[in-house]
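*Asks:* Sequence and predicted structure, then a few things I'm wondering about:
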Amino acid sequence: TPPTIDGKLTEDVWQQTPLIPELRLLADGSAATEKTAVWMAYDKQGIYVALRCRESQMSKLVAKYSQRGDPLYLDDDVELFILPSELSRVYQFAINPLGTQSDNFGNKADWKAAAHRVADEWTVEVFIPFAALGLTGPPAGGLAWGMQFGRQQKAKRETTSWTPGASFISKESLGEIVFR
């Protein structure tokens, strides 16, 4: 059963060990003070991602933008970068604590996201249909895609990612996810 995209991370798939237990500082890979965990799953329709963003200063959370396509990098946000092996472009997806969505390919694709806030964290669920990437279905088992997961935490000015590098979207900085 696919997860309900409501931002709450209540489904069984998100109760498993995270794919990435914690994002690290983008610049040098050192530990962040505000932890972020990432889960990922997929089915024949698309990719599901969940992020749990611990936040010790919820009152300082920056979430101003509410229109699709707004400059979410000015808010606290999480970002996903996907480079399918059969394509040459990196797709960017950004979501802020309000659940506002933005992408780098026109902001018209049919992908979904939701965010949920509680006392000491905010969580995000995302569904990206393979069709939004111009694909007809999942990659073959054993195929690797380049991916990056990132978070911008404004109160402490922490920019975290799965793999360190010059920027989130740099192809050289992408990690590899192998589909099984």
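*Replies:* That came through fine.

*Asks:* Now tell me what touches stretch 112-122 from outside.
*Replies:* With contacts defined as C-beta atoms under 8 Å, 6 or more residues apart in numbering, stretch 112-122 is touched by 5-9, 52-56, 58, 61, 76, 93, 95-99, 101, 123-127. Quick note: C-beta positions are derived from backbone N, CA and C, even for glycine.

*Asks:* Out of those, which end up buried?
*Replies:* Buried subset of the contacts of stretch 112-122 (neighbour count, 16 or more other C-beta atoms under 10 Å): 5, 7-9, 52-53, 55, 61, 76, 93, 95-99, 101, 123-127.

*Asks:* Sort out which of the residues you listed are in helices and list them.
*Replies:* Here DSSP state H is the test, and those give no hits in helices at all.

*Asks:* Select from those residues every entry located in strands.
*Replies:* Judged by DSSP state E, the buried ones among the contacts of stretch 112-122 include Arg52, Cys53, Phe93, Ile95, Gln101, Thr123, Val124, Glu125, Val126, Phe127 as members of strands.

*Asks:* now, which of those residues sits nearest Gln153?
*Replies:* Of all these, Gln153 sits closest to Cys53, with 7.5 Å by C-beta to C-beta.

*Asks:* Where does the residue nearest the centre of the chain sit: helix, strand or coil?
*Replies:* Centroid-nearest residue in the chain: Leu80, 3.7 Å away (criterion: C-alpha atoms, centre = their mean). Judged by DSSP: H, G, I helix; E, B strand; the rest coil, the three-state class of Leu80 is strand.

*Asks:* partner residues bridging it?
*Replies:* Residues in a beta bridge with Leu80, per DSSP bridges, are Phe93, Phe149.

*Asks:* Verify the stated contact: it with Gly146.
*Replies:* No: using C-beta atoms under 8 Å, Leu80 makes no contact with Gly146, being 11.6 Å away.

*Asks:* Do a quick rundown of the strands in the chain.
*Replies:* Going by DSSP E, the chain shows strands at 24-25, 36-42, 46-54, 77-83, 91-95, 101-103, 112-118, 121-129, 144-153, 158-161, 175-178.

*Asks:* what would the ones you listed look like in CSV with distance to Ile169?
*Replies:* Conversion of the strands of the chain to CSV gives the following (distance: least, C-beta to C-beta, whole Å):
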stretch, distance to Ile169
strand 24-25, 17
strand 36-42, 17
strand 46-54, 17
strand 77-83, 6
strand 91-95, 6
strand 101-103, 12
strand 112-118, 18
strand 121-129, 16
strand 144-153, 7
strand 158-161, 11
strand 175-178, 13
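
*Asks:* can I get those in TSV with distance to Gln15 and mean pLDDT?
*Replies:* Below are the strands of the chain laid out as TSV (distance: least, C-beta to C-beta, whole Å; pLDDT from 0 to 100):
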stretch	distance to Gln15	mean pLDDT
strand 24-25	23	96
strand 36-42	9	97
strand 46-54	10	98
strand 77-83	20	97
strand 91-95	21	97
strand 101-103	25	98
strand 112-118	16	97
strand 121-129	13	98
strand 144-153	19	96
strand 158-161	23	96
strand 175-178	20	95
